[in-house]
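In: Next come a sequence and a model predicted from it.
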Amino acid sequence: MARSAVMLRQGCRLIPFERSIPAGVQISAELVWRREGWLELSYGVLARAAKGIGVLKLPAGLKDGPQQGQRKDELWTTTCFEAFIAAPGEQRYWEVNLAANGDWALYRFDGYRSGQTQQELSTPPTVRLQRGLHQLRLDARIALEPWWTPDACPDLALTAVIDRGQEGLSHWARSHGPKADFHDRSTFLAA
């Protein structure tokens with residue numbers, strides 16, 4: 001059986017914008033974009049603290065394995081894994097939000113934080129969760145067709161919002177500008 005071509009694979013460690021994050025918490029992210037119209041995202045959280053991943057605020061009743069989520073707005077108000085993909089040389093871009101329970105959102109923007117609309121999908125993302133005492137891994141697969149231009153490799157940013165309950169939200173990305181702003185195209189990797 002022939003394997004599909006990987007046009008882009010990007011993995012990185014995310015760093016927190018906030019300086020108060022304990023050194024024992026680490027987040028990594030990986031994106032695979034396939035030319036036939038699939039985006040695969042993987043996020044790993046390592047929490048070496050005594051509470052392990054218990055330091056994260058997550059939806060109740062989570063079980064490992066495939067998650068049955070639904071489209072939901074405002075996922076970034078708690079723990080949420082995100083990706084931003086942009087059409088090279090254009091102002092428009094898309095924001096993907098994924099929650100540990102499989103809830104998801106996909107928005108299209110015409111320009112920097114403007115013209116936001118929900119992007120329709122031909123099929124909902126598939127989300128899979130694995131947890132251990134000190135680790136959490138979320139894997140997702142999203143069909144980009146018919147709204148993404150075939151063979152167009154995206155500019156991208158991999159990000160996460162981590163909710164630590166009373167400790168508040170932290171904002172994680174490969175790089176940050178002067179403020180925690182995941183929409184800032186200067187922090188995207190160019191295709």
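Out: Yes, it's here.
In: Can I get the helix or strand where residue 7 lies in CSV? Just the C-alpha atoms.
Out: Element membership for residue 7, per DSSP states H and E: strand 6-16. What follows is strand 6-16, C-alpha atoms only, in CSV (Å, rounded to 0.1, in the frame of the first residue of the first chain):
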residue,chain,number,x,y,z
VAL,A,6,4.4,14.3,3.8
MET,A,7,4.9,17.8,2.6
LEU,A,8,5.7,19.4,5.9
ARG,A,9,6.6,18.1,9.3
GLN,A,10,7.4,20.5,12.1
GLY,A,11,8.0,19.6,15.7
CYS,A,12,9.1,22.0,18.5
ARG,A,13,9.1,22.6,22.2
LEU,A,14,6.7,25.3,23.3
ILE,A,15,7.7,27.9,25.8
PRO,A,16,5.4,29.8,28.2
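In: Run the chain-centre distance for that strand.
Out: Distance, stretch centre to chain centre, for strand 6-16: 11 Å (Cα atoms, centre = their mean, to the nearest Å).
In: what's in contact with that strand?
Out: By Cβ atoms under 8 Å, 6 or more residues apart in numbering, the list of residues contacting strand 6-16 from outside reads 25-35, 151, 153-154, 156, 158-160, 162, 170-176, 189, 191. Every residue, glycine included, has its C-beta placed from N, CA and C.
In: Tell me the strands beside the one helix or strand residue 45 maps to, with direction?
Out: Residue 45 is part of strand 38-47, with elements assigned from DSSP H and E. Here strand 38-47 is paired, per DSSP bridges, with strand 25-34 (antiparallel), strand 135-143 (antiparallel).
In: per-residue confidence averaged over it?
Out: Mean pLDDT, strand 38-47: 92.
In: list the helices and strands whichever helix or strand comes after it packs on?
Out: Later in the chain than strand 38-47, the nearest helix or strand by DSSP H and E is strand 65-67. Where contact means 3 or more Cβ pairs under 8 Å, 6 or more residues apart in numbering; DSSP states H and E, strand 65-67 is packed against strand 126-131.
In: From the rest of the structure, what touches the strand it packs on?
Out: Contact with strand 126-131 is made by 53, 62-67, 69, 98, 100-102, 104, 136-141, as judged by Cβ under 8 Å, 6+ apart.
In: Try it again at 10 Å.
Out: Contact with strand 126-131 is made by 40-42, 44-45, 52-53, 56, 58, 62-69, 81, 98-104, 136-143, as judged by Cβ atoms under 10 Å, 6 or more residues apart in numbering.
In: Of those residues, grab the buried ones for ChimeraX.
Out: If you want just the buried ones from the contacts of strand 126-131 in ChimeraX, going by 16 or more other Cβ atoms under 10 Å, the selection is:
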select :40,41,42,44,45,52,53,56,58,67,69,81,98,99,100,101,102,103,104,136,137,138,139,140,141,142,143
